[in-house]
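Visitor: 3D model of this:
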Amino acid sequence: MKIGIVVAVEFEAINIVLGEPTSTMQLCNQEVSVYKRQAHELYLYRSGPGEIAATIATQRLISECKVDIIMNYGIVGGLSEEMKIQSICIVDKVVHYDFDTSQIDNVEIGRYSDYPSIYLYPSRTLIQIAKEVEPRLYEATCASGDKFVGSMEKKNELRETFSADICEMEAAGILLTCHKNKIPSLFIKVVSDGLTGDANEYWSEKKSTSVLALEVLLKIIDQLTESSFDTGFEA
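Guide: Numbering: from 1, shown residues only. Sure thing, here's the model as predicted:
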């Protein structure tokens, strides 16, 4: 199975956990590291931060590498007291919180007109497999937007407005692209900065939480066999 993995900024974990790649390639001037792992080929695309960069990476992996699944691991901000540093999350649903056309169509903030709600869903079958493999996973609602959120005020706003547990900068772009291509997706996130944390906490915890996120993702990948997975679009 060919598995594409979008990596925003957590590059150090790749070398620590996976070591030297089998090969590398360049797509859109970004490095893709290729690894053989059991029956799978892993394509790790170093996208850089943000929704647009993650969207480009996802589409390139689908179009150029012909991957069967898209996955994303990474570090996130926690939006509640429960989401402490090193909390391990599987993204259950995503809201693109800074998408807003409400002034022209009265559609609520975060909702695309071709979706029934503000929430976008990854593959339900992949989530179920992941939960069986790793019982520590917390099913989290992810608020995704093109900004680093370092203030407690903004974190509280995202939690209260969107019932979100975590926030980050890539999941909405990845997931929307997967839906358009009818490709299943899975997201593993680890909290690097809690509700009261800021950029300093992020930098302090970035390395260890990135490694943990990738280790959990690989544990799930090792249990995957050839099968069909839903895309989450109809959830």
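Visitor: remind me, longest helix of this protein?
Guide: Taking DSSP state H as the criterion, the chain has its longest helix at helix 199-221.
Visitor: Flag the shaky bits of the protein, pLDDT-wise.
Guide: 234-235 (pLDDT under 70).
Visitor: what about the residue in the chain sticking out farthest from the centre, which helix or strand?
Guide: With distances taken from the mean C-alpha point of the chain and given as C-alpha atoms, centre = their mean, the most distant residue is I104, at 29.9 Å. Per DSSP states H and E, I104 falls inside helix 102-105.
Visitor: residue contacts, K182?
Guide: Residues in contact with K182 (C-beta atoms under 8 Å, 6 or more residues apart in numbering) are 231, 233. (C-beta placed from N, C-alpha, C; glycine too.)
Visitor: how close does it get to I62?
Guide: According to C-beta to C-beta, to the nearest Å, K182 stands 10 Å off from I62.
Visitor: ditto for S204
Guide: 35 Å.
Visitor: do L27 as well
Guide: With C-beta to C-beta as the criterion, L27 and I62 are 11 Å apart.
Visitor: ok, the residue farthest from the centre of the chain to S113 distance?
Guide: 11 Å.
Visitor: hang on, isn't A213 packed against K189?
Guide: Yes: using C-beta atoms under 8 Å, A213 is in contact with K189, at 6.4 Å.
Visitor: Between the two, point out the one with more neighbours.
Guide: K189 (31 against 28; other C-beta atoms under 10 Å).
Visitor: I figured the more buried one hits Q86, correct?
Guide: No: judged on C-beta under 8 Å, K189 makes no contact with Q86 at a distance of 11.3 Å.
Visitor: Of all the residues in stretch 34-47, which ones are buried?
Guide: Using 16 or more other C-beta atoms under 10 Å as the test for burial, stretch 34-47 gives 35, 40-47.
Visitor: closest to E132 among these?
Guide: H40 (18.1 Å; C-beta to C-beta).
Visitor: Relative to D68, how far out is the residue nearest to the closest one when sequence neighbours are not counted?
Guide: Nearest non-adjacent residue to H40, counting by C-beta to C-beta, 6 or more residues apart in numbering: M1, 5.0 Å away. M1 sits at a distance of 5 Å from D68 (criterion: C-beta to C-beta).
Visitor: Comparing those two, which shows the higher neighbour count?
Guide: Taking neighbours as other C-beta under 10 Å, M1 and D68 compare with D68 leading, 19 against 15.
Visitor: quick one on the thing from earlier: out of S204 and I62, which sits in the busier spot?
Guide: I62 (19 against 14).
Visitor: contact partners of the one helix or strand the more buried one maps to?
Guide: In the assignment (DSSP H and E), I62 maps to helix 51-63. For helix 51-63, contacts defined as C-beta under 8 Å, 6+ apart pick out 4, 6, 8, 27-28, 30, 32, 43, 45, 47, 67, 70, 72, 96, 144-146, 169-174, 176-178, 181, 183.
Visitor: same thing with stretch 26-35?
Guide: Residues contacting stretch 26-35 (C-beta under 8 Å, 6+ apart): 14, 18, 21-25, 41-48, 56-57, 60-61, 64-65.
Visitor: re earlier: which parts of the helix holding I62 are buried?
Guide: Buried residues in helix 51-63 (16+ other C-beta under 10 Å): 51, 53-62.
Visitor: Repeat that for stretch 91-108.
Guide: Here stretch 91-108 shows 91-97, 99, 107 as buried, counting by 16+ other C-beta under 10 Å.
Visitor: can you tell me the distance between the two ends of it?
Guide: 22 Å (C-alpha to C-alpha, to the nearest Å).
Visitor: Of the contacts of helix 51-63, grab the buried ones for PyMOL.
Guide: Written as a PyMOL command, the selection of buried residues from the contacts of helix 51-63, which uses 16+ other C-beta under 10 Å, is:
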select buried, resi 4+6+8+27+30+32+43+45+47+67+70+72+96+144+145+146+169+170+171+172+173+174+176+177+178+181+183
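Visitor: Fine by me, we can end here.
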